[in-house]
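# What follows is a protein structure lacking sequence information:
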């Protein structure tokens, strides 16, 4: 029964393994979004447009905190993938234990900070007075559950790093069904509004966290959580920070620019905020289809680097980019074609529907470029470049959007002009990333070989100094 769930993407036929890995991820993402959509639908239909706007307006702010910690999760995923590809069980166990400790401590710190600063942050985003009280309630409850949310995401990232994308899907399904049931009870039966939605989200995340940790503790494979001795590895932590901190900074930069855009959206009023929240929820279904390919690319590239199968990394990138383009383009065109019906699921207000349709038309047709730039960021980190993708994102996404909003949008304050900042920044970023990838991949292989030889030398030195071996 050993390794029934793990997929070694450094050996064998790659395409089939990519599909086997990506499909559960795609289903997981779709289910997660379906449950999130249920939050918005329930609160929009049974608590009113202001409650819908309150929940939607928190999205970019929550992402600002989550992305910093999830960046460290990226470091975990790449590190575990490399150790798995190299069949280095000792360091893999150290990485998993350290990951859980970092997740719990980071969740407590950032959750507490989020609760304390929620009012200040929402005011800085120019949240309208009609929405602000409800937005505060939702945000503070959400941050209370941050430790378990981060622990679940870090733990499931470790499982996915070794190719196990099926069990996280099962855990997510259980938690998501519970989330929907609690939404209906808290909002419709007890009339708790946004507070009910937030409590349901936190409670369901607690369940998924417990299930994932239980899975790691009971696992008999290489990827497991050993409680005795339960130790913190500074070496593993250093590697996680080296790879993950730039990813966290990049995620925060993304979110800062999105917070700025959300502030600009708030300028147009609560109906536009509601329509934008609905459109963002719909777009998220496009993103998870691309993110499944992104995670497949990162896992296969990282595992192949650990196994020193360099030609296989190139093959993985080509396959994943092609798969992402086909899936994202098809889904994007379908979304544009049925935009009014889709936005109408969330709200019946014509002004909100029009605002949501405007966003979908501009972003949906070229959304595949967003997937490509996300994927190439992960690929570059899988190759060993952690700071470079952050710099590219800083200039191509965040820097461009900030300049754009304070210059062109300031002179032409329309929704269409504001939303155009997204596809322009995606195209600029993917162009720069592809240039760097083709220029630097050979150097990454050479550095990986040097690390491999250094590790062999260290192991040989340790054996020679072992008094028992002597």
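All right, it came through fine. As the structure is a prediction and not an experimental result, all values here were calculated from the model. Numbering: from 1, shown residues only.
# pretty sure residue 364 is touching residue 338, no?
No: between residue 364 and residue 338 there is no contact under CB atoms under 8 Å: 10.3 Å. In this view, the C-beta of every residue, glycine as well, is placed from N, C-alpha and C.
# Which residue of the two possesses the greater neighbour count?
Counted by other CB atoms under 10 Å, residue 364 and residue 338 do not tie: residue 364 has more neighbours, with 25 against 13.
# Who are the contact partners of the more buried one?
Residue 364 makes contacts with 283, 286, 332-333, 335-336, 339, as judged by CB atoms under 8 Å, 6 or more residues apart in numbering.
# Could you name the helices and strands sitting against the top helix by length along the chain?
Identified as the longest helix of the chain according to DSSP state H is helix 421-465. The contact analysis (3 or more CB pairs under 8 Å, 6 or more residues apart in numbering; DSSP states H and E) places helix 421-465 against helix 310-337, helix 350-364, helix 368-382, helix 387-393, helix 400-404.
# Tell me which of those helices approaches residue 414 most closely.
helix 350-364 (9.0 Å; CB to CB).
# centre of the chain versus the closest one, how much separation?
24 Å (CA atoms, centre = their mean, to the nearest Å).
# right, so of the helices and strands packed on helix 421-465, which gets closest to residue 273?
helix 350-364 (8.2 Å).
# For the protein, which residues score under the pLDDT cut-off?
By pLDDT under 70, the weakly predicted segments of the chain are 1-4, 57, 59-60, 63-70, 251-256, 462-470.
# Tell me where it has strands.
Taking DSSP state E as the criterion, the chain carries no strands.
# where's residue 23 relative to residue 250, distance?
Distance of residue 23 to residue 250, computed by CB to CB, to the nearest Å: 27 Å.
# more neighbours, these two?
residue 250 (26 against 15).
# so who does that one touch?
Under the criterion of CB under 8 Å, 6+ apart, the neighbours of residue 250 are 67, 71, 377, 389-390, 393-394.
# Now the two most distant members of the contacts of residue 364.
Longest span within the contacts of residue 364, CB to CB: 283 and 333, 13.5 Å.
# Who has more neighbours out of these two?
residue 283 (21 against 13).
# correct me, but the more buried one touches residue 365?
No: using CB under 8 Å, residue 283 makes no contact with residue 365, being 12.0 Å away.
# hmm, back to that, and the angle from the longest helix of the chain to helix 310-337?
150 degrees (axes from the mean of the first three to the mean of the last three CA atoms, to 10 degrees).
# Report the inter-axis angle for helix 421-465 versus helix 350-364.
Using the same axes, to 10 degrees: helix 421-465 against helix 350-364 is 50 degrees.
# quick thing: my sequence starts at 15, can you match it?
Noted, 15 is the first residue going forward, which turns the last one into helix 435-479.
# Next, the contact list for residue 212, please.
Contacts for residue 212 (CB under 8 Å, 6+ apart) come out as 151-152, 155-156.
# again but with residue 231, I slipped
238-239, 241.
# Let me have these in JSON lines, adding neighbour count and distance to residue 179 as columns.
Formatted as JSON lines, the contacts of residue 231 follow (neighbours: other CB atoms under 10 Å; distance: CB to CB, whole Å):
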{"residue": "238", "neighbour count": "18", "distance to residue 179": "17"}
{"residue": "239", "neighbour count": "20", "distance to residue 179": "18"}
{"residue": "241", "neighbour count": "9", "distance to residue 179": "25"}
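# and which of those is nearest to residue 166?
When the contacts of residue 231 are compared against residue 166 (criterion: CB to CB), the nearest one is residue 239, at 13.1 Å.
# can I assume the closest one is in contact with residue 110?
Yes: applying CB under 8 Å, one finds residue 239 in contact with residue 110, separated by 5.5 Å.
# Contact partners for the closest residue to residue 339 other than its chain neighbours?
Closest residue in space to residue 339, ignoring its immediate chain neighbours: residue 382 at 5.3 Å, by CB to CB, 6 or more residues apart in numbering. Neighbour list for residue 382: 304, 338-339, 342-343, 346 [criterion: CB under 8 Å, 6+ apart].
# In those residues, find the pair that's most separated.
Of all pairs in the contacts of residue 382, the most separated under CB to CB is 338 and 346 at 11.5 Å.
# number of nearby residues for residue 53?
23.
# And the closest residue to it other than its chain neighbours, how close does it get to residue 218?
Nearest residue to residue 53, sequence neighbours excluded (CB to CB, 6+ apart): residue 211, at 4.9 Å. Distance, residue 211 to residue 218, by CB to CB: 11 Å.
# higher neighbour count, these two?
Neighbours around residue 211 and residue 218, counted as other CB under 10 Å, are more numerous at residue 211. The numbers are 28 against 24.
# residues in contact with that one?
53, 56-57, 69, 152, 197, 200-201.
# how about 7 Å then?
Taking CB atoms under 7 Å, 6 or more residues apart in numbering, we find residue 211 in contact with 53, 56-57, 69, 152, 197, 201.
# ok, so of the residues you listed, who is nearest residue 441?
Among the contacts of residue 211, and counting by CB to CB, the member closest to residue 441 is residue 69, at 30.9 Å.
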